[in-house]
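> This is a predicted model, with the sequence first.
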Amino acid sequence: MTPSRSIGDAMRLLAGRAGLSRELRLAHLRWALLARIVDDRLLTLYNSAQVPGNVFTSRGQEVLAAAMGVHLRAPGPGAIGDIFAPLIRDQAARLAFGETPLDVIRTHLGKVTGPMRGRDGNAHRGELAKGMLPMISHLGAMPSAVAGVLLARRLRGALAYPDSCIGITSIGDGGTATGALHEALNVIAIEKLPFVLVVANNQVSYSTFNDRSFACRDLVDRAIGYGLRGWSCDGTDAVDSLVAVGGAIAAARRGEGPQMVVASLLRLAGHGSHDDARYMPAELKARFGDGVELAQAAALAEGLIDQAGLDALLEELRALVRAAADTARGEANPDPERDDWRVLSTPDLLAMPGPTAEANP
Ligand SMILES: Cc1ncc(C[n+]2csc(CCOP(=O)(O)OP(=O)(O)O)c2C)c(N)n1
Ligand SMILES: [Mg+2]
């Protein structure tokens with residue numbers, strides 16, 4: 001579906017398309033495909049009763065999430081990197097930002113080797129040292145956490161325009177109705193933080209459709225009310241997503257203040273693996289394409305890759321995910337007798353004098 005466009009939007013898209021390199025397009029395709037393959041493997045594991053709990057896939061949202069991931073900078077030696085707080089359907093962005101399929105599968109299988117050490121499951125994972133805040137379920141909570149990191153970085157002099165690190169998170173159409181998001185966006189706008197919010201309007205919040213979630217014409221209209229810059233894109237279209245999300249991130253890096261991207265797309269599966277989404281109307285299904293299929297077709301049609309290259313890439317990615325699943329399945333579950341009962345805190349933190357040590361003898 002193509003959202004309605006102003007002449008300014010159309011010109012921005014034309015100019016932005018010209019600025020997208022072949023390397024960026026191919027990297028974007030790779031992360032979108034890998035996310036789909038990881039999700040498919042998680043569903044196979046779930047269907048064979050190997051996943052405690054549920055699987056929440058990003059089916060239909062890979063292209064948008066990959067557009068976030070390819071524009072982010074992970075921390076590295078001497079580089080502070082961006083701060084990223086992914087939500088449930090951001091698998092492609094996580095992978096592009098440095099999360100491995102092995103860590104995704106370890107977390108879903110509850111393995112002690114995973115980033116949450118078998119103490120939290122499915123999407124509730126992250127690694128602070130790698131710039132990724134672990135997701136919590138409470139919708140609307142993560143923008144405040146990202147804002148807190150950015151404010152702390154500002155106090156340390158670590159926001160250096162016109163090429164600053166940025167903070168980014170996403171929210172669904174349903175999540176935009178939370179009070180927590182309102183409070184966070186207000187502070188973020190007042191403080192002019194280098195922050196990007198990606199709103200993935202996948203038309204549905206569990207089984208509640210847009211007409212029961214908000215009454216404004218378009219969620220992007222809210223941006224101006226907060227004092228953010230708003231961008232719209234078709235979240236099933238690779239170029240449109242890359243231009244809008246890339247443009248918003250670049251503007252935040254330059255110091256132009258917080259940005260909000262609203263993407264239209266469709267959740268192509270149930271809310272989670274427990275939901276068959278029988279309530280999804282045919283009219284909606286007919287309006288939206290599958291971004292991953294569209295991205296492959298576009299890459300072939302534009303000569304970015306040929307069929308043999310695409311087949312080889314798919315085989316490479318499938319082998320990577322298969323190997324990750326084989327490794328994770330053989331690993332240990334947490335052992336309550338041996339566990340030190342810390343999830344994210346470090347032994348050094350607990351050894352510090354003061355209230356922390358007293359509270360955790
Ligand atoms: C504050 C809050 N209220 C309710 C829930 C329960 N809940 C989890 S996911 C979900 C639907 C979210 O819909 P949306 O924000 O559109 O994201 P989507 O699942 O479509 O990606 C709800 C209601 C929650 N996690 N947090
Ligand atoms: Mg939704």
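Yes, it's here. Residues are numbered from 1 along each chain as shown. Ligands and ions are numbered 1, 2, ... in the order given.

> Run through the protein and note the low-pLDDT ranges.
Where the chain drops to pLDDT under 70, the residues are 1-6, 346-361.

> for ligand 2, what are the nearby residues on it?
When proximity is defined by CB under 5 Å from the ion, the chain lies next to ligand 2 at G172, D173, N202, S205. Any C-beta I mention is one placed from the backbone N, CA and C, and that applies to glycine too.

> let's go with 8 Å and repeat that
Counting by CB under 8 Å from the ion, the residues of the chain lying close to ligand 2 are 172-175, 200-206, 213, 267.

> And the helices in the stretch 201-350 of the chain?
Using DSSP state H, counting those that start in this stretch, the helices found in the stretch 201-350 of the chain span residues 221-226, 238-254, 282-287, 291-301, 307-329, 347-351.

> Can you tell me the element the closest residue to S137 other than its chain neighbours falls in?
Nearest residue to S137, sequence neighbours excluded (CB to CB, 6 or more residues apart in numbering): H124, at 7.2 Å. Assigned by DSSP states H and E, H124 belongs to no helix or strand.

> quick one, what contacts H124?
Each residue near H124 by CB atoms under 8 Å, 6 or more residues apart in numbering is listed here: T107, M116, P134, M135, I136, S137.

> was I right about R267 contacting R59?
Yes. With contact defined as CB atoms under 8 Å, R267 counts as touching R59 (7.2 Å).

> Just want to know which of those two has more residues nearby.
Neighbour comparison, R267 and R59: the larger count goes to R267, with 25 against 22 (by other CB atoms under 10 Å).

> Take the contacts of H124 and lay them out in TSV including distance to ligand 1.
What follows is the contacts of H124, written out as TSV (distance: CB to the nearest ligand atom, whole Å):
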residue	distance to ligand 1
T107	18
M116	18
P134	15
M135	10
I136	9
S137	4
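
> need the residues of the stretch 1-150 of the chain near ligand 1, please.
Within the stretch 1-150 of the chain, the positions adjacent to ligand 1 are I88, R89, S137, H138, L139, G140 by CB under 6 Å from any ligand atom.

> neighbour-wise, which of the residues you listed leads?
Most surrounded of those: other CB under 10 Å gives R89, at 26 neighbours.

> Contacts only, for it.
Contacts of R89 (CB under 8 Å, 6+ apart): F56, T57, S58, Q61, A65, S170, G172, A200, N202, R267.

> repeat that with 6 Å
R89 makes contact with S58, Q61, according to CB atoms under 6 Å, 6 or more residues apart in numbering.

> same question, the one 4 residues further on
For A93, the residues meeting the contact criterion (CB under 6 Å, 6+ apart) are A65, M68, G69.
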